[in-house]
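K.L.:
Model the structure of this input:
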Amino acid sequence: MAHLRSVVKAQQFDKAMIEEVFATARTMEHDHPRDALQGKLMATLFYEPSTRTRLSFEVAMTKLGGSVVGTENAREFSSAAKGESLEDTIRTINQYGVDVIVLRYNKEGGAKRAQNFSDVPIINAGDGPGQHPTQALLDLYTIKKRFGHIKDLNIALVGDLINGRTVRSLSYFLAKHYAVGRVFLVSPRETRMRQDIKDYFDKYQVRWEEVDNLAPILGEVDVIYQTRVQRERFADNPQVYEAVINASERLIIDESTLARMKPEAIVMHPLPRITEISYSVDKDPRAIYFEQAQNGLFIRMALLKMLLT
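P.N.:
Modelled structure (predicted):
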């Protein structure tokens with residue numbers, strides 16, 4: 001198995017590496033070494049807002065005995081606001097003795113660009129509408145913990161699929177490594193999944209179907225992976241955004257949705273949510289998005305340990 005050197009995209013992982021991440025995460029969940037990364041320094045560089053990803057990485061590093069430096073909203077509070085390129089920023093951070101850089105960038109491909117100019121590992125914490133591989137790993141980990149397997153499950157990816165970096169990374173993992181039953185791509189016409197993911201499904205003979213309404217498939221799916229409409233991606237097209245919001249009303253998950261789901265099915269969400277999941281759903285044991293967020297801590301602890309030891 002290849003050594004993990006950076007985390008840039010989902011496609012870089014083979015099945016053995018995924019399973020090693022999961023095994024290490026289980027260790028972190030129950031008995032993590034508090035000095036495993038003592039003396040190590042992580043830099044967080046976030047060009048877009050984050051709550052769960054940034055804080056879970058910082059908590060993960062701290063719990064393992066390491067230290068953290070960083071900047072939030074780097075587009076405004078770093079020299080990027082003065083016009084500095086990502087490449088020069090990465091070169092500069094490399095001069096300060098950091099051991100790993102966790103990067104969220106506002107444009108697709110940012111993590112790969114950073115990797116090309118870094119002597120230390122880069123972790124992609126989201127690159128615009130591109131990918132979010134650590135989120136997808138925690139999603140898979142959550143599904144496997146709940147069902148004990150992923151094979152043959154029917155999975156609905158719901159919402160803003162054209163801009164959703166989490167569903168893109170998750171799709172790459174599902175297609176290549178897990179013989180799922182069917183994948184339903186559930187979205188308004190304006191936010192359908194990009195063709196490259198559909199082609200990837202076809203390459204690995206994944207059965208997939210595009211629908212614009214959640215109701216007809218509720219009795220079939222095991223996992224509903226809901227996502228928000230990303231308003232920030234529609235800044236230049238407010239009319240399209242309003243159209244998508246209106247069309248997304250049929251995708252809202254509420255108590256009536258729960259009543260038609262399988263008893264053992266689960267509702268996931270990478271968060272934050274806006275209105276696409278009613279707060280009344282939270283009390284249902286099938287709603288596991290906060291457990292999902294907690295699993296992000298264990299997965300990110302595992303990745304840091306694998307990268308730095």
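K.L.:
Ala125 falls within a strand, correct?
P.N.:
Yes: Ala125 forms part of a strand when assessed by DSSP: H, G, I helix; E, B strand; the rest coil.
K.L.:
That one: neighbour count?
P.N.:
Neighbours of Ala125 under the rule other Cβ atoms under 10 Å: 28. Every residue, glycine included, has its C-beta placed from N, CA and C.
K.L.:
Ok, His269 next?
P.N.:
Close neighbours of His269, defined as other Cβ under 10 Å, add up to 25.
K.L.:
Identify the residue spatially nearest to it, adjacent ones excluded.
P.N.:
Spatial nearest neighbour of His269, chain neighbours left out: Tyr289 (4.2 Å); criterion: Cβ to Cβ, 6 or more residues apart in numbering.
K.L.:
In the stretch 51-200 of the chain, where is pLDDT below threshold?
P.N.:
By pLDDT under 70, the low-scoring segments of the stretch 51-200 of the chain are 77.
K.L.:
Quick check, Val180 in contact with Asn154.
P.N.:
Yes: using Cβ atoms under 8 Å, Val180 is in contact with Asn154, at 7.2 Å.
K.L.:
more crowded one of the two?
P.N.:
Val180 (21 against 18).
K.L.:
For that one, give its distance to Val186.
P.N.:
For Val180, the distance to Val186 equals 15 Å [Cβ to Cβ, to the nearest Å].
K.L.:
repeat for Pro272
P.N.:
Counting by Cβ to Cβ, the gap from Pro272 to Val186 is 19 Å.
K.L.:
neighbour count winner among those two?
P.N.:
Between Pro272 and Val186, Val186 has the larger neighbour count (other Cβ under 10 Å), namely 28 against 10.
K.L.:
wait, what's in contact with that one?
P.N.:
Contacts for Val186 were tallied using Cβ atoms under 8 Å, 6 or more residues apart in numbering; they are 156-159, 210-214, 217, 251.
K.L.:
now those residues as a markdown table including neighbour count?
P.N.:
A markdown table is the format used below for the contacts of Val186 (neighbours: other Cβ atoms under 10 Å):
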| residue | neighbour count |
| --- | --- |
| Ala156 | 26 |
| Leu157 | 26 |
| Val158 | 29 |
| Gly159 | 26 |
| Glu210 | 14 |
| Val211 | 15 |
| Asp212 | 16 |
| Asn213 | 12 |
| Leu214 | 23 |
| Ile217 | 18 |
| Leu251 | 25 |
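K.L.:
Name the nearest of those relative to Leu138.
P.N.:
Nearest to Leu138 among those: Leu157, at 15.8 Å, using Cβ to Cβ.
K.L.:
Only alpha carbons, please: show the helix or strand containing the closest one as PDB.
P.N.:
Per DSSP states H and E, Leu157 falls inside strand 155-158. The C-alpha trace of strand 155-158 is given here as PDB (Å, rounded to 0.1, in the frame of the first residue of the first chain):
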ATOM      1  CA  ILE A 155     -28.100   6.000  -1.800                       C
ATOM      2  CA  ALA A 156     -29.800   9.300  -2.700                       C
ATOM      3  CA  LEU A 157     -27.500  12.300  -3.200                       C
ATOM      4  CA  VAL A 158     -29.800  15.300  -2.900                       C
END
